[in-house]
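Participant: Fold the following.
(chains A and B)
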Amino acid sequence: MRFFEFEAREVVRRAGIPVTDYGFTTDPAEAKAIAERIGGPTVIKSQVLTGGRMKAGGVKFADTPGEAEAHAAEILELEINGHMPRGVLVDPRAEVEQEYYAGVVWDGTRKQPVMIFSPVGGIDIEQVAEEQPDKVGRRHFSNILPLSDFQAKEVIASTGVTGSDLNRLVPIVLRLARLFVENDMVLAEINPLGRLADGSFVALDAHMDIENEARGRHKKLLADLGVGEEETRQAREATPFELAGEEVDAQDHRGVAGNVTEFDGDLGLVIGAGGGSLTLFDAVRAHGGRPANYCEIGGNPSVAKACGLAKLVLSKPGVDKIAVMMSIVSNTRVDIVARGVIKACLELGLDPAEKIAIFRIPGAWEEEGFKILERYGVDYADRSVSLNEAARRAVEKIQGAPAR
Amino acid sequence: MSILIDASTTFIVQGITGREAVNLTRECLDYGTGAKIVGGVTPGRLGRDVHGVPVFDTVAQAVEHHGAPIDGSVVTVPPAFTKDAVFEAIENGIKLVVIVTERIPRRDVAQMVELATLRGARIIGPNCLGIIVPDVIKMGGIGGPAKNAAQAYTPGPIGVISRSGGMTTEMSSTLSAAGLGQSTAVSIGGDAIIGSTYAELMPLFEADEQTRGIVIYTEPGGRMEAELSRWVTENSSRLPIVAFMAGRFMDEMPGMSFGHAGTIVEGKEDTAGEKIERLAQAGIRVAERIEDIPTMISEQIESRAGA
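Facilitator: You can find the predicted model right below:
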């Protein structure tokens, strides 16, 4: 889960890395008060989780508190790439002599975190790596041995930085690495890291991304930052349909019938498991089908959960039929899913034979499942019908004509 | 032959008294020639048994009871306790750890993997279903109950490596139906950091005489396919590889998460399109449909045999 800049800067500050004397607010009048306290030129920055805010007019410079207030009022109303700002950050306009970059990310191949440092900051590090590769230092560090100053020193020195700059940068990079590890981040980046006229360094912007699976062990930090437990901060906010899907999955702890994502098509999908869902969604689209949703069933969900998911998808406006398909199951029981989807049709007063375009779930308890489907006249397929062929049949049925 | 495990492999199940672990134990005991599960561990449950397998409080007790080193462990404890369980297994001399547990933060996974490397042990997973050698042994929930596993997996020349547990069975079943059995199938897990990647398992298959071709299931996210492409190019492997790439639609939705934890598309190199290109450059053929895989891999095995 990504942090807003104002949250990321607070994380940086708590780690003992110098930050500017900024303020965060959602109120233009307060923006003015912050600018007055700062007492000089300021930068007003939109707090959105999307790139390109400078280009979109989400970053503005103010010479007076009055100007800061006016800019804040404007930016608070400005939508950027479909995102409304969470607030604005009022930041002193620092006299920066040089901009640096410091970051820590995971290397999935080496399976270790890597410190990245560059004396060329303020732009994307990927661009620097491409254009001036000798200006980007990288250093992996152990997951088990304690972090030590020399590791930060090596990565900084490898880019040609020396003198008092080197000695002042070492604790900053080391603290950044430490906060990355301690907070279960998947990205921790200070860019730009500015060197001021007096030779000191200050974080001017920060990007942080915490691993979702680890949120549970950082409850205090998240509460301090005011991050709600329900905030997922995906690329777009969850729709009411997706929230209803989460409720279905949360009704009991048996298996999974969730991860619902909304699309605008007419073919409802009740699919699984993880890899099967990805394969099936591709297959439906490859045959010209228009999925109404993505979802994942797995881990042997209860009949109630399978039923709830099928009902949700069947009730979605524009959905004509559902396709119930999974890769061969060994843990999830075929008969339980069959019961669930048939129950959903019946409870909605619909004919399962007509509404279920195809049922293709082979595997554990399939004889029992197929018997139930036969009783209700539902078209089903065993493992001799591929995922791709099942998807093709479903698309053909909903289009009422042979698909390509 | 096979890789990683064979009929003589001994292992324990950590978290054996959990509902899923009880089923898994039954399945492994029933499958093939019957797995040699020499013990289970659940703290506080010393003296019980699960399907005849004795339960201990610690891994050390299990090793002492067995009277010899134990080869492997299947770890099925909750995410918050997994790291400790894996450390315990490794520090008691276990060399092969299959981690079934999902939703483990990657810092923990990275720590486990680093300790395993230091001790000469290997981790499969997390978030995986384990390993199966058709008709011989399975270690983990892969393929499900013995009866179901026997329906999908048959012995033969193909090594299967998959980031999805379910798709390991789907692909193996398709291969079996076409008369192509499997030497060993490995569900490696769907997370961003895993114990054993494609490239790390390739040398094992390379050394296995029974294996004549490799089939892999891949997804967007991560650099694992790039690592495999590099390995294949650098090592002039004798084994042809056919890959299936799921989740192609995700390329249009950067930042959205589907499927496994590792699938979020964050950078250009992570996309399905980019990966397909990279695999193709290394001479790895990418199948559009699962049902095309058997023909593609047999053709390549034959053309190499003829060369």
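Participant: ok, whichever residue of the stretch 51-200 of chain A sits closest to chain B - contacts?
Facilitator: Using C-beta to the nearest C-beta, residue A:143 is the residue of the stretch 51-200 of chain A that sits closest to chain B, at 4.3 Å. Yep, even glycine has a C-beta here, placed from its N, CA and C like the rest. By C-beta atoms under 8 Å, 6 or more residues apart in numbering or on different chains, the residues touching residue A:143 are A:111-113, B:107, B:110-111, B:113-114.
Participant: Check for me that it belongs to a helix.
Facilitator: No - using DSSP: H, G, I helix; E, B strand; the rest coil, the assignment for residue A:143 is coil, not a helix.
Participant: just curious, which of the contacts of residue A:143 is nearest to residue B:225?
Facilitator: Taking C-beta to C-beta as the measure, residue B:225 lies nearest residue A:111 of those, at 16.1 Å.
Participant: what about the closest one, neighbour count?
Facilitator: When neighbours are counted by other C-beta atoms under 10 Å in any protein chain shown, residue A:111 registers 23.
Participant: Over to residue A:184?
Facilitator: By the measure other C-beta under 10 Å, the count of residues near residue A:184 is 20.
Participant: Skip the chain neighbours and tell me the closest residue to it.
Facilitator: Counting by C-beta to C-beta, 6 or more residues apart in numbering or on different chains, residue A:214 is the residue found nearest to residue A:184 once chain neighbours are left out, at 3.4 Å.
Participant: Say whether chain A is contacted by the worst-scoring helix or strand of chain B on mean pLDDT.
Facilitator: Ranking every helix and strand in chain B by mean pLDDT, DSSP states H and E puts helix B:272-281 at the bottom, with a mean of 91. No - judged by C-beta under 8 Å from any C-beta of the partner chain, helix B:272-281 stays clear of chain A, getting no closer than 8.8 Å.
Participant: List the contacts of that helix.
Facilitator: Outside helix B:272-281, the residues that touch it by C-beta under 8 Å, 6+ apart are B:218-220, B:225-226, B:228-229, B:243, B:245, B:247-248, B:250-251, B:268-269, B:286.
Participant: Which ones, among those, also lie beside chain A?
Facilitator: Filtering the contacts of helix B:272-281 for proximity to chain A (criterion: C-beta under 8 Å from any C-beta) leaves B:219, B:226, B:247-248, B:250.
Participant: Return the entry from those with the maximum number of neighbours.
Facilitator: residue B:219 (31 neighbours).
Participant: Tell me which residues touch that residue, please.
Facilitator: Residue B:219 touches A:275, A:278, B:163-164, B:190, B:245-247, B:259-260, B:262-263, B:272, counting by C-beta under 8 Å, 6+ apart.
Participant: How many neighbouring residues does the closest residue to chain A within the stretch 151-300 of chain B have?
Facilitator: Of all residues in the stretch 151-300 of chain B, residue B:164 sits closest to chain A, at 2.5 Å by C-beta to the nearest C-beta. Neighbourhood size, residue B:164 [other C-beta under 10 Å]: 31.
Participant: Now do residue A:26 against residue A:87, distance only.
Facilitator: With distances taken as C-beta to C-beta, to the nearest Å, residue A:26 is found 4 Å from residue A:87.
Participant: Identify the contacts common to those two.
Facilitator: residue A:76.
Participant: So between these two, which is more surrounded?
Facilitator: Ranked by neighbour count (other C-beta under 10 Å), residue A:26 and residue A:87 place residue A:87 first, with 20 against 13.
Participant: Just the pLDDT at the more buried one, thanks.
Facilitator: Note on residue A:87: pLDDT of 96.
Participant: Greatest separation within the contacts of residue A:143: which pair is it?
Facilitator: Greatest spatial distance in those: A:113 and B:113, 12.6 Å, computed using C-beta to C-beta.
Participant: what are the ranges of the helices in the chain?
Facilitator: Picking chain A for this. For chain A, helices defined by DSSP state H occupy the ranges A:5-14, A:28-38, A:65-76, A:125-131, A:149-157, A:163-182, A:219-225, A:240-250, A:274-286, A:303-314, A:334-347, A:352-355, A:366-375, A:387-399.
Participant: hmm, I had chain B in mind actually
Facilitator: Assigned helices in chain B, in chain order: B:19-30, B:59-66, B:79-91, B:106-119, B:146-152, B:165-177, B:198-206, B:224-235, B:272-281, B:293-306 (criterion: DSSP H).
Participant: what packs against the last one?
Facilitator: Under the contact definition 3 or more C-beta pairs under 8 Å, 6 or more residues apart in numbering or on different chains; DSSP states H and E, helix B:293-306 sits against helix B:165-177, strand B:213-218, strand B:241-245, strand B:285-287.
Participant: swap the cut-off to 10 Å and go again
Facilitator: Applying 3 or more C-beta pairs under 10 Å, 6 or more residues apart in numbering or on different chains; DSSP states H and E, one finds that helix B:293-306 contacts strand B:155-162, helix B:165-177, strand B:213-218, strand B:241-245, strand B:285-287.
Participant: same thing with the shortest one?
Facilitator: Using 3+ C-beta pairs under 10 Å, 6+ apart, the elements in contact with helix B:146-152 are helix B:19-30, helix B:165-177.
Participant: What residues sit buried inside the first one?
Facilitator: For helix B:19-30, the buried set under the neighbour-count rule, 16 or more other C-beta atoms under 10 Å in any protein chain shown, comprises B:21-25, B:27-30.
Participant: before we move on, back to that, next up, the contacts around the residue nearest to residue A:184.
Facilitator: Residues in contact with residue A:214 (C-beta atoms under 10 Å, 6 or more residues apart in numbering or on different chains) are A:1, A:183-186, B:79, B:103-108.
Participant: In the stretch 51-200 of chain A, where is pLDDT below threshold?
Facilitator: For the stretch 51-200 of chain A, no stretch is flagged by pLDDT under 70.
Participant: Check the burial of residue A:218 by counting its neighbours.
Facilitator: Counted with other C-beta under 10 Å, residue A:218 comes out at 18.
Participant: Surely it and residue A:179 touch.
Facilitator: No - the criterion here is C-beta atoms under 10 Å, and residue A:218 misses it with residue A:179 at 11.3 Å.
Participant: do stretch B:45-60 and chain A meet at all?
Facilitator: No - Stretch B:45-60 lies out of reach of chain A by C-beta under 10 Å from any C-beta of the partner chain, never closer than 17.6 Å.
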